[in-house]
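[1] quick check, what structure comes out for this input:
(chains A, B, C and D)
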Protein chains: 2
Amino acid sequence: MSPKPVSRPGGRSARVQAAVHAAVRSLLAEVDRSEITIPAIADRAKVTPSTIYRRWGDLAELLADVAMERIRPDGEPQDTGSAKSDLAAWAEQYAEEMASDVGRQMYRDILASRSGANIPGQCCDIVRRQMLTLAERAAGRSEAFPDLEAIMDGVVAPIVYRILFAEPPSQEHCRALVEALFAERRRRDGGVSRDAA
Amino acid sequence: MSPKPVSRPGGRSARVQAAVHAAVRSLLAEVDRSEITIPAIADRAKVTPSTIYRRWGDLAELLADVAMERIRPDGEPQDTGSAKSDLAAWAEQYAEEMASDVGRQMYRDILASRSGANIPGQCCDIVRRQMLTLAERAAGRSEAFPDLEAIMDGVVAPIVYRILFAEPPSQEHCRALVEALFAERRRRDGGVSRDAA
DNA sequence: GGCCTAAACGCAAATATTTTGCGATAACAA
DNA sequence: TTGTTATCGCAAAATATTTGCGTTTAGGCC
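    Residues are numbered from 1 along each chain as shown, chains lettered A, B, ... in the order given. All right, here's what the predicted structure looks like:
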């Protein structure tokens, strides 16, 4: 049961949540992970541990909550002039951010969440929304753009998989993924190669 | 510090490890995850908790250790006659196994491991080895076969990503991934579309 | 086979954590 | 303003984790 649906989001609750999140972020930056414990967080946030336990349930849910907040992109993806270069730029930047220690850790915290809120799904949706803005931008320019699911399979999945399980992808590799995707799309336009999930 | 390099793998240690692993597996099958605790495991395995703490460190490492044992494939991938159908059959079966609750949970346990042993990397290597046997089999038949990294990007990563973050891929989707990979491979033979990680 | 050394275990005390009951506070609505 | 109740703080109880120390036993060596 991650951050419960705050039915009373006013002053005090908001202050507590902000203080706890800030405490987690500072601890993540300063100390080793094995020392990040709920009493330690409560201490730094000037709250009692029981408050955190009641509101977030356990450490995994709290970390997943903080990770979800941090993984949210600041703004719209960069506009570089063309659909392909937009996607390539996005992929390179995303890979670089998520390949860092904090990025990889955010992903792990998100996957460790056991709440019914489907946190990993929300994380995936955030990326999907970014892709949709790229798609709309391409449509506004009358440019072709790959199918959303094809992007998830062809660009996002390889980047995330490599970061989580192997070596992070190089910039060149990210560009090659985008290149291959556009090449395939051009080849069989509106093709059936990637149908519904 | 996951399962320490057992410097004395003889009788007693082996018995303890087997009992603990068995206890974890039975608990995973029976009770809710929130009830799986080290004292509970120790209880069922007829061991003292301190033994588990000293040998595995914490619950996450123990669960990752058990998951790594379970994720190891039983034997060689099925031989279906051709390289493409071999890969398709492997992908479909792998997706089905890992999309189950236990499969998804194994992946999460593996990613939650913080030991220096690089458990996620080992997990990735297991898949790579399976792909190598398929490649060798194809070579023995003088069949073309995609590059290993292209398979990881084009087939394994999308399957695992979807299982972890979204809806598990359908059989048709798995087949389509393999189909697209072979089509691309044929198009630019020995091409540069997927260079080193 | 019998002996030695140290790794691995069991036990129990010491710490740390999580959970829970209850009274106090403060957000929100009427 | 007043009432209602979600949320919080505090402290006791329940659990889980760590640690010291004596015992067992695997593996090496005569």
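[2] okay, CA-based contacts and neighbour counts for the rest of this
    Fine.
[3] is DNA strand C contacted by the helix or strand hosting residue A:50?
    Using DSSP states H and E, residue A:50 sits within helix A:49-56. Yes - using CA under 7 Å from any atom of the strand, we find that helix A:49-56 touches DNA strand C at A:49, A:50, A:53, A:54.
[4] okay, the most centrally placed residue in chain A: pLDDT?
    In chain A, the C-alpha nearest the mean C-alpha coordinate belongs to residue A:71, at 4.2 Å (CA atoms, centre = their mean). Residue A:71 carries a pLDDT value of 97.
[5] so it sits against residue A:105, correct?
    No - assessed by CA atoms under 8 Å, residue A:71 is found out of contact with residue A:105, at 10.7 Å.
[6] follow-up on the earlier one: excluding chain neighbours, give the residue nearest to the residue nearest to the centre of chain A in space.
    Excluding the flanking residues, the one nearest residue A:71 by CA to CA, 6 or more residues apart in numbering or on different chains is residue A:106, at 7.3 Å.
[7] need the helix or strand of chain A with the lowest average pLDDT.
    One helix or strand of chain A scores below all others by mean pLDDT, DSSP states H and E: helix A:171-187, with a mean of 91.
[8] so which bits of that one are buried?
    By neighbour count on 16 or more other CA atoms under 10 Å in any protein chain shown, the buried set for helix A:171-187 is A:171, A:173-182, A:184-185.
[9] now distance to DNA strand C too, for those residues, in TSV please.
    Listed next are the buried residues of helix A:171-187 as TSV, based on distance: CA to the nearest atom of the strand, whole Å:
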residue	distance to DNA strand C
A:171	39
A:173	40
A:174	39
A:175	42
A:176	44
A:177	41
A:178	43
A:179	46
A:180	46
A:181	45
A:182	48
A:184	49
A:185	49
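[10] output those residues as TSV; include the columns distance to residue A:31.
    Formatted as TSV, the buried residues of helix A:171-187 follow (distance: CA to CA, whole Å):
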residue	distance to residue A:31
A:171	30
A:173	33
A:174	32
A:175	35
A:176	37
A:177	36
A:178	37
A:179	41
A:180	41
A:181	41
A:182	43
A:184	46
A:185	47
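[11] only C-alpha atoms, please: export the least confident helix or strand of chain A in PDB.
    C-alpha atoms of helix A:171-187 as PDB (Å, rounded to 0.1, in the frame of the first residue of the first chain):
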ATOM      1  CA  GLN A 171      25.300   6.800 -27.300                       C
ATOM      2  CA  GLU A 172      26.100   5.100 -30.600                       C
ATOM      3  CA  HIS A 173      24.100   2.100 -29.600                       C
ATOM      4  CA  CYS A 174      21.100   4.300 -28.800                       C
ATOM      5  CA  ARG A 175      21.400   6.000 -32.100                       C
ATOM      6  CA  ALA A 176      21.700   2.700 -33.900                       C
ATOM      7  CA  LEU A 177      18.500   1.500 -32.200                       C
ATOM      8  CA  VAL A 178      16.600   4.500 -33.400                       C
ATOM      9  CA  GLU A 179      18.100   4.200 -36.900                       C
ATOM     10  CA  ALA A 180      17.100   0.600 -37.200                       C
ATOM     11  CA  LEU A 181      13.600   1.400 -36.000                       C
ATOM     12  CA  PHE A 182      13.100   4.100 -38.600                       C
ATOM     13  CA  ALA A 183      14.700   1.900 -41.300                       C
ATOM     14  CA  GLU A 184      12.300  -0.900 -40.600                       C
ATOM     15  CA  ARG A 185       9.400   1.400 -40.500                       C
ATOM     16  CA  ARG A 186      10.200   2.800 -43.900                       C
ATOM     17  CA  ARG A 187      10.600  -0.600 -45.300                       C
END
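[12] quick one: contacts of the longest helix along chain A?
    Secondary structure of chain A per DSSP state H: the longest helix is helix A:119-140. With contact meaning CA atoms under 8 Å, 6 or more residues apart in numbering or on different chains, helix A:119-140 is reached by A:64, A:68, A:71-72, A:76-77, A:82-83, A:86-87, A:110-111, A:113, A:144-146, A:148, A:152, B:164-166.
[13] can you mark which positions in the host helix or strand of the residue nearest to residue A:71 are buried?
    Take DSSP H and E as the rule and residue A:106 turns out to sit in helix A:101-112. By 16+ other CA under 10 Å, the buried positions in helix A:101-112 come out as A:103, A:104, A:105, A:106, A:107, A:108, A:109, A:110, A:111, A:112.
[14] and it, how far out from the chain's middle?
    Offset of helix A:101-112 from its chain centre (CA atoms, centre = their mean, to the nearest Å): 9 Å.
[15] same question, stretch A:37-55
    On CA atoms, centre = their mean, the centre of stretch A:37-55 falls 25 Å from that of its chain.
[16] is chain B within reach of that stretch?
    No - Stretch A:37-55 does not reach chain B (CA under 8 Å from any CA of the partner chain); its nearest approach is 14.0 Å.
[17] touching DNA strand D at all, that stretch?
    Yes - using CA under 7 Å from any atom of the strand, we find that stretch A:37-55 touches DNA strand D at A:46, A:47, A:48, A:50, A:51, A:52, A:54, A:55.
[18] quick check: the gap between residue A:111 and DNA strand D.
    Taking CA to the nearest atom of the strand, to the nearest Å as the measure, residue A:111 and DNA strand D are separated by 19 Å.
[19] pull the contacting residues for that residue.
    Neighbours of residue A:111 in contact, by CA under 8 Å, 6+ apart: A:64, A:119, A:120, B:108, B:164.
[20] same question for residue A:159.
    Neighbouring residues of residue A:159 by CA under 8 Å, 6+ apart: A:95, A:168, A:169, A:174.
[21] and with 7 Å instead?
    Listed by CA atoms under 7 Å, 6 or more residues apart in numbering or on different chains, the contact set of residue A:159 reads A:95, A:169.
[22] remind me which helix or strand it belongs to.
    helix A:157-165.
[23] average model confidence for that helix?
    98.
[24] angle of that helix against helix B:157-165?
    Angle of helix A:157-165 versus helix B:157-165, following axes from the mean of the first three to the mean of the last three CA atoms, to 10 degrees, is 70 degrees.
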